[in-house]
Every structure is written in C-alpha cells, then in structure tokens.
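Chemist: Predicted model and sequence below, questions to follow.
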Amino acid sequence: MALLEVDTLQTHFRTPDGVNRAVDGVSFHVERGETLAIVGESGCGKSVTAMSILRLIPEPPGKSAGAIRFGGRDLLKLSEREMRRIRGDEISMIFQEPMTSLNPVLKVGRQIGESLRLHQGLGRHQAEAQAVDMLKLVGIPEPKQRAGEYPHQLSGGMRQRVMIAMALACSPKLLIADEPTTALDVTIQAQILDLMRDLKERVGAAILLITHDLGVVAEVADRVVVMYAGRKVEEAPVRRLFAKPRHPYTRGLLGAVPRLGSSLEDRAGRLAEIPGMVPSLKTRIEGCVFAGRCPEVQDVCRRHAPGLEEKAPGHVAACHLSLRDQAAAA
Amino acid sequence: MNAPQKLLSSAPLLEVNDLKIHYPLAGSLFGRARRVVYAVDGLSFRIARGETLSLVGESGCGKSTVGRAVLRLLRPTAGQVVLAGRRIDDMSAGGLRPLRRQVQVIFQDPFSSLNPRIRVRDALAEPIRNFGLAADRADLERRLHRLMDRVGLPREALSRWPHEFSGGQRQRIGIARALAAEPDLIVCDEAVSALDVSVKAQIVNLLGDLQAELGLALLFISHDLAIVEHMTHRIGVMYLGKIVETGTRRQIFVRPRHPYTQALLSAVPVPDPEAPRRRIVLKGDVPSPIDPPKGCRFHTRCPYVFDRCRTEEPALSEIEKGHEAACHLNARPAGENPLLGGTFA
C-alpha cells in the first residue's frame, strides 16, 4: 500500500460570486521514500492540494471532499485533535517564505525543539540539545550558537535550512515542500536542493514537492503530476515526462521554458507561447480544461472532459488527442 | 556641451562611469564610527541604441540600485550617468524632467505597480500628456489604441480597472505605460520574474518584438539566467556592488572566465532529467555589503581562492575584445588556470 493515497480530492471555496473549484477531483499516490512533484502554474490548485492533505484549509469557506488515505486512515475523517498529532510528526511541511513562517520572537533552537517536546515528550533541555543536532544535520555552521539566535539574524538560505530542520525533527514519513527554493537565490537554491536530496537518503522520508519550476522537478523528482485548472492532466515518471510528454499543456510548458545554451544558436528563437490564460475556476467547465488554449483543440474537447488514460506503465494523461494517436499507432 | 554634434550621435545612448552608491547607516548613540552600505561600488558600462544589456547577480548585489540610479530615482554618491551625451547624475529635478521621457521603467510586480484607482486609459494617457506628445484629443486616442495593439491587449480594455486583469495582462499594461512616453531606454527591473512560465514566455517574446520594431535599448535586470541568455546582447555579472565579468552573451554563457559566473551558471536547475550535472556548489552566503571582504570580494566563497585574492583586489581585465573579467587566475598561464575548463553551455 502506498504511503499516501489521494483519491478524487475536491477542495472548493465558497466565494461571494460563486464556488471556486480550486481542486476538482485529483487523485495520486506517494510511495514510501519517493519524491513526487506536483507542477503547474499559479492557480492550478497545487498548493491547495498540499494544504488539503494537512487539513489546513479553513472551513468555511473551504471544503474538501474525497479521501486522503495516510497509513490506512482517511485524514479527511479525523478530528482536529487527531490531526494535530499527525502534523509536524508523521507529515510535516516546509513553506516558500521562511521569514514569514518562522516565529520572529522565538529563538530558532526553541522553535525546532517545540515539535519534539509536543510529539515525543522530550524535556526542554533535551529538545533543545536535539535541535542543535538537527541544525548540524542541515549544514548550519556553529549550530550551538545559531540555535540561540532569532530568525532575523539569519540569512534567507539559513532560514530555509532551519525550516527543514524543524520539519525533519520528528523524522516524518512524509515531507510536503511547497516551493521550497522559489524565494532563494540560485546559488543558495543549489545548496538547498543538494541538502534535500542528501537528507532524503539519510532520513528516508517521502517528499511531496510543490513547484512551478521544471528545472527543480528535473533535479529532484522521481515522478511528476502536472496540474492545470484544478485537475490532474498528466502523470509520469520524471524521465518519461520530459522525454515523451503526452498532454499538450505539458508540451507547452516544456517549450515555454528557456534553457541555458541558447547562445550557441546564432539567433535566439522565440519562446513557445501558450496563448491566452487559465480559465476561471468559478464556472463549471464541461469539456477539457485546457481546450481554450490548446493548439490542437477539436470539437470533442469542448464537449467532453477527457478521462485519464494510461499511455505506458505509470504514465497517464487526460487528452482526447493522445487517445487518437494511440489508435493510429495500434 | 561643446562637443561637436557628430561625435554625440555616435556616442552610446547610456554611459555609466565609475558609479558609486553608498548608504550611510544611522550611527549609534555613542558616536561609534558610522558604517556605510556599499550598494554599488565603482561600476561602469555602456548601452548602445537598440541594445540589451543585462545585469545579473543575486539579491543584494546592487543590480536594482544601478537601475534606480539610471532612472535618477536616486542621486549617485559618485561617478557619472551620461544619457545621450548629457550628464544626468547631478542634474536638478527641474532640468531632469524633459529627459525623463527618454528612460522609462517596467517593474517586477504587476500588482503593486499600477494604481488600483486609475483606469488603464488614464494610466497610459498620463505620460503622453505630461510630455505633450499628443497634438489633440484625436491624436491621444490614436496613440492609446496603438499602444494597446502593440502590447496585444484589446482596445476596449482601456476603460477597465487594473484589478480586472491577470498578472500577465497587467504586465502588458506596464509595458504600454513605459512605451507611452516613447522612450529610448527601458529599465526592466525583474520585469518577468513574477510571471508564470507560459505568461513569461509571452512577455519575453513581446519585449523582443518591441525592441526590434522600435529600436529600444533595454537595461534588463534579472536573476534568471536562462531568460537573460535568451534575450540579451551583452551581460554584466554583478557581485557585491561590482561587475566581476562582462561580455557578449556567447562569451559569458559559453566561455565564462570568472569563478562566480561559472558557479552561477552551474547552479541553474536544468529542465532535463537526463542532462549531466556539473555543479559547483558555493559555500556559505553572500557577505554583507556593509563590510565587504578585503581583496577580491568573492574570495570568501571562491573554490579556487589563493593568497593573492585575500589581499589584492583584481581589476577587470580584457580576455578578448568585449570580454572582461576580474580574477587573478586569468593572469596565470593557460595550463594553470582552472577557469579554462572547455566550453560551459
């Protein structure tokens, strides 16, 4: 059984001008020890998916339906009390902006120790001693001294290391990382990605990585889920996704990313564009969610939403056209 | 100005000479020596008409401060900013006003750079009126329509409010506003950094088209190296207030000759899981510009540091025509220079 199974998750928000279907029937699973990346652009529902797993969606106006099975239990059915025992212990999360997600008036050692005291019943001194070990684990120089400092005394890269130390303190089975390197400079991002890869091997936690950056996906993910307008449009092992993307949106995304090395060509070509923009999530979309921007759109796409079809082992895509391609190939 | 007109017309559009921007920090109560942030510390570059120069570097390297000095949103501590042959760094606000038309700006955040209470029409008409560019009402209307066509927005959108647009569309409005003044140079300060991948591609292509069509020069300030390589002519790599390497896009991206440039390029995640990784991971963080390291400013993080770097600051020296780097390693014979590791890209 997979570590985490998300089954037709729907997270909707009630707003004054209609229901916002932020996540609209998304299923995926995360195996023990693997890194699954969810990619997509702003508003595709990737962060709401992450927040739904931890039950951090305020209800109302939000409401999650479906099932989120973790270790045999459905997280959506747990009480808030039971959920609190899971957060920070079995599932923990790192956020994009370390400055706003650390408490500015608590010393970092104390913040890291907090979850150890809460979940593992350690005393204050024990917890803070272990916090120093965690800081060492995430590569912070002079960990003992740093543990006694406040977040504002640390650089952005160090704050993100503190966040990771805090998330890993209780050896979670699943780490959810929401854009963990987006706010960082590129040389610091390289350090943090290295750290995450290294820690994954040492700690053995599975990682659910939420990102918009296909470069980061290629570097750390084992499998990838591509989301668009609240739905999963494609899922594949990472190499397969980059080599043989089957959904036009995935192909569009890959084409729109400039890559280093363009100066080797004499003239920079144009970047591939995906025309138009993401549809409003407040109206129910009958057909394919990508139909309005798809370069290969057909009549059927506007009438019927394509189901997810398996293209190869572990590779699914929701596109009428790739069905036709397959029929042609058969 | 007593230089002959002919000389002026062949001069670069923008010339920045030994620019310094220092911010004194508030002194302590007990009169300790005042400390100074050396945000920009001796920087020179030129931009020709129709050319794109990109300044790249990490947070705090001073790239945005340079942009603000070129826009004269701040007065430099020392050095010169020469726009089309006229020094603007020490000009008064009144003297500057007619020249402001020539240099416009596009900001990073399309949500905070448009006034939410001003309709698109008025946001675009303001610079046209300020600089007296329209002959009459009909001409103003024509200009507004042309701006909307240029940036790919429907003309009806003129009467709408900023909140009715998506991030990409707002950035198009920001571009239209910059174009309204008919500038020669646009400072793009992280102009595409906040946009989604698919929208970013649209805006990058739009900027390229506009440059080709209108002969605009761009000062493109960005931390996104892949975008920079895609759209620039020349690059200045900045580290702690200085340019450490400068050259054409091919020189910088294919044969970089400064260890910081090489580390930056190697740190960019490659969107290809099959690509070989040759990453130079730098230790530690960028030091503070309050008290920059002695000698070479990069020596605290440089993988090739040796004694000379700690005491003597390297100057920019020519590698080949148009390509300069500030690194002592380049003074060594080729066999002993670790920076010559073949092509990079």
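Modeler: That came through fine. Nothing here was measured: the structure is a model prediction, and the numbers come from that model.
Chemist: The residue in the stretch 151-300 of chain A that chain B sits nearest to in helix, strand or coil?
Modeler: The stretch 151-300 of chain A approaches chain B most closely through residue A:215 (3.0 Å), counting by C-beta to the nearest C-beta. Glycine gets a C-beta too; all of them are placed from N, C-alpha and C. When classified by DSSP: H, G, I helix; E, B strand; the rest coil, residue A:215 comes out as helix.
Chemist: For the residue lying closest to it once chain neighbours are set aside, give me the pLDDT.
Modeler: In space, and not counting its chain neighbours, residue A:215 is closest to residue B:269: 3.0 Å by C-beta to C-beta, 6 or more residues apart in numbering or on different chains. On pLDDT, residue B:269 comes in at 88.
Chemist: In a helix, residue B:269, correct?
Modeler: No - looking at residue B:269 with three-state DSSP, it is coil, so not inside a helix.
Chemist: Quick check, the residue of the stretch 151-300 of chain A closest to chain B in contact with residue B:270.
Modeler: Yes - Residue A:215 is within contact range of residue B:270, at 5.9 Å (criterion: C-beta atoms under 8 Å).
Chemist: residue ranges for the helices of the chain, please.
Modeler: No chain was given, so I picked chain A. A:46-53, A:80-86, A:98-101, A:108-120, A:124-137, A:143-147, A:156-168, A:186-203, A:214-220, A:238-243, A:248-256, A:299-303, A:320-329 (DSSP state H).
Chemist: Wait, chain B was what I had in mind.
Modeler: Ranges of helices in chain B, per DSSP H, are B:5-10, B:63-70, B:93-100, B:120-130, B:137-150, B:167-180, B:197-214, B:225-231, B:249-254, B:259-267, B:307-311.
Chemist: residue contacts, residue A:175?
Modeler: Going by C-beta atoms under 8 Å, 6 or more residues apart in numbering or on different chains, residue A:175 touches A:91, A:92, A:93, A:94, A:167, A:168, A:205, A:206, A:207, A:208.
Chemist: can you count the residues close to residue 129?
Modeler: In the absence of a named chain, chain A is used. 16 (other C-beta atoms under 10 Å in any protein chain shown).
Chemist: not what I meant, chain B
Modeler: Residue B:129 - counted by other C-beta under 10 Å - has 12 other residues nearby.
Chemist: can you check the one 3 residues further on too?
Modeler: Counted by other C-beta under 10 Å, the residues lying close to residue B:132 total 9.
Chemist: what's the distance between it and residue B:243?
Modeler: Going from residue B:132 to residue B:243 by C-beta to C-beta, to the nearest Å gives 38 Å.
Chemist: before we move on, what about residue A:48?
Modeler: Taking C-beta to C-beta, one finds residue A:48 at 43 Å from residue B:243.
Chemist: neighbours of residue A:204, just the number please.
Modeler: Neighbours of residue A:204 using other C-beta under 10 Å come to 11.
Chemist: I'd say it and residue A:33 touch.
Modeler: Yes - judged on C-beta under 8 Å, residue A:204 makes contact with residue A:33 at a distance of 5.5 Å.
Chemist: got TSV for the helices of chain A, with mean pLDDT too?
Modeler: Shown next, in TSV, are those (pLDDT from 0 to 100):
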stretch	mean pLDDT
helix A:46-53	94
helix A:80-86	92
helix A:98-101	79
helix A:108-120	91
helix A:124-137	90
helix A:143-147	91
helix A:156-168	87
helix A:186-203	84
helix A:214-220	92
helix A:238-243	95
helix A:248-256	92
helix A:299-303	90
helix A:320-329	64
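Chemist: how about JSON lines for these, with distance to residue B:254 added?
Modeler: Listed next are the helices of chain A as JSON lines, based on distance: least, C-beta to C-beta, whole Å:
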{"stretch": "helix A:46-53", "distance to residue B:254": "35"}
{"stretch": "helix A:80-86", "distance to residue B:254": "51"}
{"stretch": "helix A:98-101", "distance to residue B:254": "35"}
{"stretch": "helix A:108-120", "distance to residue B:254": "42"}
{"stretch": "helix A:124-137", "distance to residue B:254": "39"}
{"stretch": "helix A:143-147", "distance to residue B:254": "40"}
{"stretch": "helix A:156-168", "distance to residue B:254": "29"}
{"stretch": "helix A:186-203", "distance to residue B:254": "19"}
{"stretch": "helix A:214-220", "distance to residue B:254": "19"}
{"stretch": "helix A:238-243", "distance to residue B:254": "24"}
{"stretch": "helix A:248-256", "distance to residue B:254": "23"}
{"stretch": "helix A:299-303", "distance to residue B:254": "43"}
{"stretch": "helix A:320-329", "distance to residue B:254": "37"}
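Chemist: Would you mind saying which of the ones you listed lies nearest residue B:261?
Modeler: Minimum separation from residue B:261 across the helices of chain A (C-beta to C-beta) falls at helix A:186-203, 11.3 Å.
Chemist: between that closest one and helix B:259-267, how big is the angle?
Modeler: 50 degrees (axes from the mean of the first three to the mean of the last three C-alpha atoms, to 10 degrees).
Chemist: ok, now which ones touch the residue in the stretch 1-150 of chain A positioned nearest to chain B?
Modeler: Residue nearest to chain B within the stretch 1-150 of chain A (C-beta to the nearest C-beta): residue A:41, separated by 3.9 Å. Neighbouring residues of residue A:41 by C-beta under 8 Å, 6+ apart: A:212, A:228, A:253, A:278, B:196, B:197, B:198, B:199.
Chemist: Looking at the residues you listed, spot the one nearest residue A:18.
Modeler: The closest of the contacts of residue A:41, once distances to residue A:18 are taken by C-beta to C-beta, is residue A:278, at 16.1 Å.
Chemist: My read is that the closest one contacts residue A:230, right?
Modeler: No - using C-beta under 8 Å, residue A:278 is not in contact with residue A:230; the gap is 9.6 Å.
Chemist: okay, these two: which has more neighbours?
Modeler: residue A:230 (27 against 22).
Chemist: Just to check, the more buried one is in contact with residue A:12?
Modeler: No - if you go by C-beta under 8 Å, residue A:230 and residue A:12 don't touch, sitting 9.2 Å apart.
Chemist: Quick check: neighbours shared by these two?
Modeler: With C-beta under 8 Å, 6+ apart as the test, residue A:230 and residue A:12 both reach A:21, A:22, A:23, A:24.
Chemist: So what touches stretch A:129-140?
Modeler: Contacts for stretch A:129-140 (C-beta under 8 Å, 6+ apart): A:108-110, A:112-113, A:116, A:122, A:143-144, A:146-147, A:158, A:161-162, A:164-166, A:168-169, A:191, A:195, A:199, A:202.
Chemist: quick revisit: Throw the helices of chain B into JSON lines and include distance to chain A, thanks.
Modeler: JSON lines is the format used below for those (distance: least, C-beta to the nearest C-beta, whole Å):
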{"stretch": "helix B:5-10", "distance to chain A": "26"}
{"stretch": "helix B:63-70", "distance to chain A": "12"}
{"stretch": "helix B:93-100", "distance to chain A": "31"}
{"stretch": "helix B:120-130", "distance to chain A": "17"}
{"stretch": "helix B:137-150", "distance to chain A": "16"}
{"stretch": "helix B:167-180", "distance to chain A": "6"}
{"stretch": "helix B:197-214", "distance to chain A": "4"}
{"stretch": "helix B:225-231", "distance to chain A": "4"}
{"stretch": "helix B:249-254", "distance to chain A": "4"}
{"stretch": "helix B:259-267", "distance to chain A": "4"}
{"stretch": "helix B:307-311", "distance to chain A": "18"}
